[in-house]
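> task: produce atomic coordinates for the following.
(chains A and B, ligands or ions: 4)
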2 protein chains.
Amino acid sequence: MRECFEIRDTDAGGRIGELTVPRADVTVETPALLPVINPNLDTISPRRMAEEFGAEILITNSYIIHGTDDVRERALEDGLHEVLDFPGAIMTDSGSFQLSEYGEIDVTTEEILEFQHRIGSDIGTPVDIPTPPDVDRERAEDELATTKERLEVAETVDTGDMLVTAPVQGSTYPDLREEAGRHADGTSLDVFPVGAVVPLMNDYRYDDMVDVVAAAKRGLGADAPVHLFGAGHPMMFALGVAMGCDLFDSAAYALYARDDRYLTVRGTRQLEDLEYLPCSCPVCTEHSPDDLRALPDRAREEELAAHNLHVTFEEIRRVKQAIRAGNLLELVEQRARAHPTMLDGYRTLLDHAAQLERSDPVSKGAFFHVSHESARRPEVLRHHERLERLSVPDSLLLTEGDAPRGDRYDDSWRVEPPFGPFPRALSKSYPLTAEVPVRTDRAAQAAAADGVAKLAAANPDADLALAHRGWPADVLERVPDSVDLLDLTGA
Amino acid sequence: MRECFEIRDTDAGGRIGELTVPRADVTVETPALLPVINPNLDTISPRRMAEEFGAEILITNSYIIHGTDDVRERALEDGLHEVLDFPGAIMTDSGSFQLSEYGEIDVTTEEILEFQHRIGSDIGTPVDIPTPPDVDRERAEDELATTKERLEVAETVDTGDMLVTAPVQGSTYPDLREEAGRHADGTSLDVFPVGAVVPLMNDYRYDDMVDVVAAAKRGLGADAPVHLFGAGHPMMFALGVAMGCDLFDSAAYALYARDDRYLTVRGTRQLEDLEYLPCSCPVCTEHSPDDLRALPDRAREEELAAHNLHVTFEEIRRVKQAIRAGNLLELVEQRARAHPTMLDGYRTLLDHAAQLERSDPVSKGAFFHVSHESARRPEVLRHHERLERLSVPDSLLLTEGDAPRGDRYDDSWRVEPPFGPFPRALSKSYPLTAEVPVRTDRAAQAAAADGVAKLAAANPDADLALAHRGWPADVLERVPDSVDLLDLTGA
Ligand SMILES: [Mg+2]
Ligand SMILES: [Mg+2]
Ligand SMILES: [Zn+2]
Ligand SMILES: [Zn+2]
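Ligands and ions are numbered 1, 2, ... in the order given. This is a model prediction of the structure:
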């Protein structure tokens, strides 16, 4: 059990956790959003982050601090908490992204971690190699080997009670990401950023992002706090959390504000395109779009940054509440409709339903069937696995209708798409308390048919019959011939 | 053209309009939310509604005013605007709901409208009969006949420049609702409430609600301002607007607050169940859930009512912005995932795609394919209708891949699910600029196959071939045998 991280609640792959940051003497509740602070240009002060937005942790770049003489000297003398005036936890990034952009510089892992320690960072980061997506395998392997070596060095550096991150690389090779996760998890390091996913997000490759995170998670232990490095758009927090990410950082709130871009959970808008402000944060209840447009540049940037941060923290709270209520996947369902690429991300998430199922609670509020995709949720998978273990009488009617009279069958079970058959005694237990639409869909029927098929396969000698409400022929093809069919709609 | 209502923009069945209310000397922009004010217990004052929440119009109940001696006398003496201290437009409800609950009272249509006029109402309401859902047809017809008579009387009452509503009844009989709409539209009355839908909403029958509204809309002219009477939950505004409703009223903001219920666009929450506030309105940025719970009853009710109103007006602004941006149906897509009954509502909305298509703009921002349901949107329907009119060469390849080399075909058209085939020259025009997921779905492929079938049916002599990316057999069955098939995935 990792000492610095404790999981309090789970839903699908998501969790509410507590990250203990000893050097800052604070406990950060996750999922957490770390605003990125550029000490040279802070649109919204760290103090305001804490007091107005409730930020418990932020991240700043040690490379920039190192390269800015006056900031560096003040940080070395007074410490980052004093320089930034922030009461919560401060994470520092090593600047490996900048390093990789501008060519390698000759600092060692020891030096960079010691520098972070000396300036008072609470969570430091070694210089890893952020291998981009789609590189050839040899490069991905070589660079991962270097990252691993540096993590092993990082383990040996004495940095007191500063936590140290262990970035997980491996480009878009799932097996490398998994191996990198397993290696990082085996070190004594503390926090696990999934690195180099920014290029995927910049290209809206949420499907590939999900595959990369899923692979890293398979390698990492369930108790590892995971940072989705560079993911700051609130549209994708629910998806990222559902995959099992705990920390997110946002430079977007400020960068987008500089560019007159307005964040929403449905996507990014240009301020000039807004005739109404679809938000009720303090900025948006005090201003009309025209008011905002009329502000001087600096004031407009500050107001937009404040709005962007409000919707960002709001979504983090919404995600946490969803985990508590057990409806995180219902939130993912909604966010998946923000853009076709987000739908690709959700559809890919469901490829990993078995992986999510392992942490998904056995009982939650109520399962809502709200799309064709719902039929592929971990709860459906779990029910199908359970079907293989339920004992079945010699002759059994599976029916979408009422229990039959007479003694033609030894028993009758209910059938409900997307779950399929279950004994009536289970009707009151999760997920069979599901709310489903009156107008069901083919995906739900197909999943239910698969459930029937599972039951039939596990009980080859039982005499099974299925009474369905007008399932189409291609759905019924999923049911083995040994099962008698009856259409309750009389069609 | 109705003088009091002008349509400024449309998207699907939704529109941004201007309702001119001459007696108040104001123009109300629609979609508009009318907070319901009970003059005997106002949690949030009408003045605050206008100044803090931007309410341009509110609604109050003339039956309650009539029955409360001091309020009645003050209203008759000083007028409602003075009594309520509200600068916008004031609509009065006749109280037909209360009348129907507590038994009929002996006031005439003349008397009730004259009373509303005398107290200074800007939009008055005759006493109609709000026939509930599912009554037998005879009752629905009889009561509708009475409502019609009263509307005809209402036309003759001299109420100066007060606008008068013409409620549309007819229970759950679509033909009666349509006829009622046509009759109301034929009167000289001004605003058209779709009545008695509250019982449907209370039972989460959003599917039946959509059918009722669609029927009423078929009878009403496109220029009629439509009030979805009693619909105050922000979760369903996008759906209601997409059907063509312009006015919504909310008593929910206050009633729910009294009961410690917290509104969200994803559904209603009990304050006691919230560990986080998924909102950034002024109430939710100033308070934690524990803060709210610790407030004295009256203060807590007021804060919850303020939150409820903030999310309500926020959603109205979001809906308006969606109409301006041309992505109202994308918003409906998201809201449809709030609850399976909302999905039923959206699936039912798409049954009326041809009706929505008539007001849907020819060109918008970008069509997002974000669910199986997207394949049934009006834009897909319109494209399929257009396919029947496009001219086709003798031999034509329809392909999901690149244009072929060589001269085997006279031309090649692109195929993109859910639209199906189109000439490459149309690629840059709406809706064929659509954003679609990489992981397409069977519904999109089936719609595309239907497009191919339409083209084939309209051009029986053309030599057509379809090159698809691994469409399943049951989808390909929708394509006529005369079309040659080629699977680009080589499967
Ligand atoms: Mg839970
Ligand atoms: Mg428009
Ligand atoms: Zn805002
Ligand atoms: Zn709020």
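> near ligand 1, which residues of the stretch 201-350 of chain A? Just list them.
Along the stretch 201-350 of chain A, the residues adjacent to ligand 1 under the rule Cβ under 5 Å from the ion are A:Gly326. To be clear about C-beta, it is placed using only N, CA and C from the backbone, and glycine gets the same treatment.
> tell me where the stretch 201-350 of chain A has helices.
A:206-219, A:237-243, A:252-258, A:282-286, A:289-294, A:297-325, A:328-335, A:340-351 (DSSP state H, counting those that start in this stretch).
> now distance to ligand 4 and mean neighbour count too, for these, in JSON lines please.
Shown next, in JSON lines, are these (distance: least, Cβ to the ion, whole Å; neighbours: other Cβ atoms under 10 Å in any protein chain shown):
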{"stretch": "helix A:206-219", "distance to ligand 4": "29", "mean neighbour count": "25"}
{"stretch": "helix A:237-243", "distance to ligand 4": "19", "mean neighbour count": "29"}
{"stretch": "helix A:252-258", "distance to ligand 4": "20", "mean neighbour count": "22"}
{"stretch": "helix A:282-286", "distance to ligand 4": "10", "mean neighbour count": "20"}
{"stretch": "helix A:289-294", "distance to ligand 4": "21", "mean neighbour count": "14"}
{"stretch": "helix A:297-325", "distance to ligand 4": "9", "mean neighbour count": "22"}
{"stretch": "helix A:328-335", "distance to ligand 4": "17", "mean neighbour count": "27"}
{"stretch": "helix A:340-351", "distance to ligand 4": "25", "mean neighbour count": "24"}
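> so which of these is nearest A:Arg424?
Closest to A:Arg424 of these, according to Cβ to Cβ: helix A:328-335, at 26.0 Å.
> returning to that earlier point: JSON lines for the helices of the stretch 201-350 of chain A, including distance to ligand 3 and mean pLDDT?
Shown next, in JSON lines, are these (distance: least, Cβ to the ion, whole Å; pLDDT from 0 to 100):
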{"stretch": "helix A:206-219", "distance to ligand 3": "24", "mean pLDDT": "98"}
{"stretch": "helix A:237-243", "distance to ligand 3": "17", "mean pLDDT": "98"}
{"stretch": "helix A:252-258", "distance to ligand 3": "12", "mean pLDDT": "96"}
{"stretch": "helix A:282-286", "distance to ligand 3": "3", "mean pLDDT": "97"}
{"stretch": "helix A:289-294", "distance to ligand 3": "10", "mean pLDDT": "98"}
{"stretch": "helix A:297-325", "distance to ligand 3": "4", "mean pLDDT": "98"}
{"stretch": "helix A:328-335", "distance to ligand 3": "18", "mean pLDDT": "98"}
{"stretch": "helix A:340-351", "distance to ligand 3": "21", "mean pLDDT": "98"}
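> closest one to ligand 2 among these?
Ligand 2 sits nearest to helix A:289-294 of all the helices of the stretch 201-350 of chain A, at 16.3 Å, using Cβ to the ion.
> so what secondary structure elements neighbour the closest one?
helix A:297-325 (3 or more Cβ pairs under 8 Å, 6 or more residues apart in numbering or on different chains; DSSP states H and E).
> the inter-axis angle of the helix it packs on versus helix A:328-335?
Using axes from the mean of the first three to the mean of the last three Cα atoms, to 10 degrees, the inter-axis angle of helix A:297-325 relative to helix A:328-335 is 140 degrees.
> does chain B have contacts with helix A:297-325?
Yes: counting by Cβ under 8 Å from any Cβ of the partner chain, contacts between helix A:297-325 and chain B involve A:His310, A:Val311, A:Phe313, A:Glu314, A:Arg317, A:Arg318, A:Lys320, A:Gln321, A:Arg324, A:Ala325.
> quick revisit: now distance to B:Ala299 too, for the helices of the stretch 201-350 of chain A, in JSON lines please.
Putting those into JSON lines (distance: least, Cβ to Cβ, whole Å) gives the following:
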{"stretch": "helix A:206-219", "distance to B:Ala299": "43"}
{"stretch": "helix A:237-243", "distance to B:Ala299": "32"}
{"stretch": "helix A:252-258", "distance to B:Ala299": "32"}
{"stretch": "helix A:282-286", "distance to B:Ala299": "20"}
{"stretch": "helix A:289-294", "distance to B:Ala299": "30"}
{"stretch": "helix A:297-325", "distance to B:Ala299": "22"}
{"stretch": "helix A:328-335", "distance to B:Ala299": "30"}
{"stretch": "helix A:340-351", "distance to B:Ala299": "40"}
